[in-house]
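Enquirer: The following comprises the amino acid sequence and a computationally predicted model.
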Amino acid sequence: MAESVIERKIKNKAKEWVDEYGEDFLVELIDVYLKDTPSRVTQLHQALDGGDSETFVREAHTLKSSSANVGAMGLSALAKEMETAGRSGKIERLANEVKRFEEEFSLVRATLETLRGAPEKFVNEER
């Protein structure tokens, strides 16, 4: 099976983290990201429902950075788009983007869970 773009980017970032800080750090980073992201997405929905642009922008900004840290560059780019659009104050138009983020996060989550289970094998595996 061909390696997906998501897997390749995450694998590249994971190699950097393992080389720099070791597998334990990588696993901890993944754990924090997988625990934190769903609650931040919930905050995005609540901000949309309440018309709270400030919270929306803050959560999108955080998701942009945390997604980039784990190599989920597509999610990071989408969060950046949401952050930028949210600054306009018209967050009610961003429901579809939040849904897209959730859908892509499910793919990223699966890759990160595989990586978390066997970091060394995952980052060294040839596809």
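Expert: The structure has been received and is ready for your questions.

Enquirer: I'd guessed N12 sits against G71; true?
Expert: Yes: N12 lies in contact with G71 (CB atoms under 8 Å); the separation is 6.2 Å. (Glycine included, C-beta is placed from N, CA and C.)

Enquirer: higher neighbour count, the two?
Expert: Taking N12 and G71 together and counting by other CB atoms under 10 Å, G71 has the greater number of neighbours (25 against 12).

Enquirer: quick one: secondary structure of that one?
Expert: For G71, the assignment made with DSSP: H, G, I helix; E, B strand; the rest coil gives coil.

Enquirer: Which helix or strand contains the residue nearest to it when sequence neighbours are not counted?
Expert: Leaving aside its chain neighbours, G71 sits nearest to K13 (2.8 Å; criterion: CB to CB, 6 or more residues apart in numbering). Assigned by DSSP states H and E, K13 belongs to helix 5-21.

Enquirer: on contacts alone, who are the packing partners of that helix?
Expert: Using 3 or more CB pairs under 8 Å, 6 or more residues apart in numbering; DSSP states H and E as the contact test, the elements touching helix 5-21 are helix 23-50, helix 73-86, helix 95-117, helix 119-124.

Enquirer: Cheers, nothing more for now.
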